[in-house]
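have a look at this fold, sequence not included:
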């Protein structure tokens, strides 16, 4: 894997959003729309993510779709309404996230930001990129410390800032934070993705953590989600009071 010294200091301008699942925890809302199109205060959740990416200087977004892709495409178009470029890669609704990434590899830049379509976290990409360069790892996930017990822990981060354990099942001892994506990734690691239908967490993050190749950007700032019905009120409260610029 390349080291930080071999990398360009130019931060990525492409974000890739995993947005293809069926959103079963949001039924019946997702009977007629995919999860990123669930409305928060009258606007699709995806729009908040796109606005954030634009405001952070991203120029391109690649949406990896599966379930009801036309709903997203009809709303987003080519991205010109946000003054950026939006592209799409569509695969089967039951494809896992690692397969979606593998199928879309040819559309992905050398370095990119990876997001889940159901999480929003007030990032500062410049600080994240500096940390990524300093770490020298081929991938870096954002880890919420979860001190308030907002959700189940899935990772353990060493004192030097590398992920020691990534456990999607959340059952390993000593876990101390939750991965919320907002991941910076060197495209070279996508070569590790198997042909099997697996999640990116199991296929990539767990493997990189075992090899000490996964850095962490640790944050005490809570993330907000539309991943399940019980998350919606808190997310609506956040967007209802958030400032125009974070």
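Nice, I can see it. Since we're looking at a predicted model, the values are computed, not measured.

please, where are all the helices along the protein?
45-55, 69-76, 97-103, 125-135, 200, 206-210, 232-241 (DSSP state H).

out of those, nearest to residue 150?
helix 232-241 (8.9 Å; CB to CB). C-beta here means a position set from N, CA and C on the backbone, and glycine is covered the same way.

hmm, who's touching the closest one?
38, 40-41, 45, 48, 120, 224-226 (CB atoms under 8 Å, 6 or more residues apart in numbering).

and that helix, what's its mean pLDDT?
On average, the pLDDT along helix 232-241 is 93.

can you give me the buried ones in that helix?
By 16 or more other CB atoms under 10 Å, the buried positions in helix 232-241 come out as 232, 235, 238.

distance between it and the chain's centre?
Between the centre of helix 232-241 and the centre of its chain there are 20 Å (CA atoms, centre = their mean, to the nearest Å).

equivalent analysis for stretch 124-143, please.
So, by CA atoms, centre = their mean, the centroid of stretch 124-143 is 14 Å from its chain's centroid.

quick check: buried residues in that stretch?
Buried-residue list, stretch 124-143, by 16+ other CB under 10 Å: 125, 128-129, 131-133, 135, 137-143.

one step back: got CSV for the helices of the chain, with distance to residue 87 too?
Converted to CSV, the helices of the chain look like this (distance: least, CB to CB, whole Å):
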stretch, distance to residue 87
helix 45-55, 13
helix 69-76, 10
helix 97-103, 13
helix 125-135, 20
helix 200, 19
helix 206-210, 26
helix 232-241, 26
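
and those: which comes nearest residue 153?
Nearest to residue 153, of the helices of the chain and by CB to CB, is helix 206-210 at 14.0 Å.
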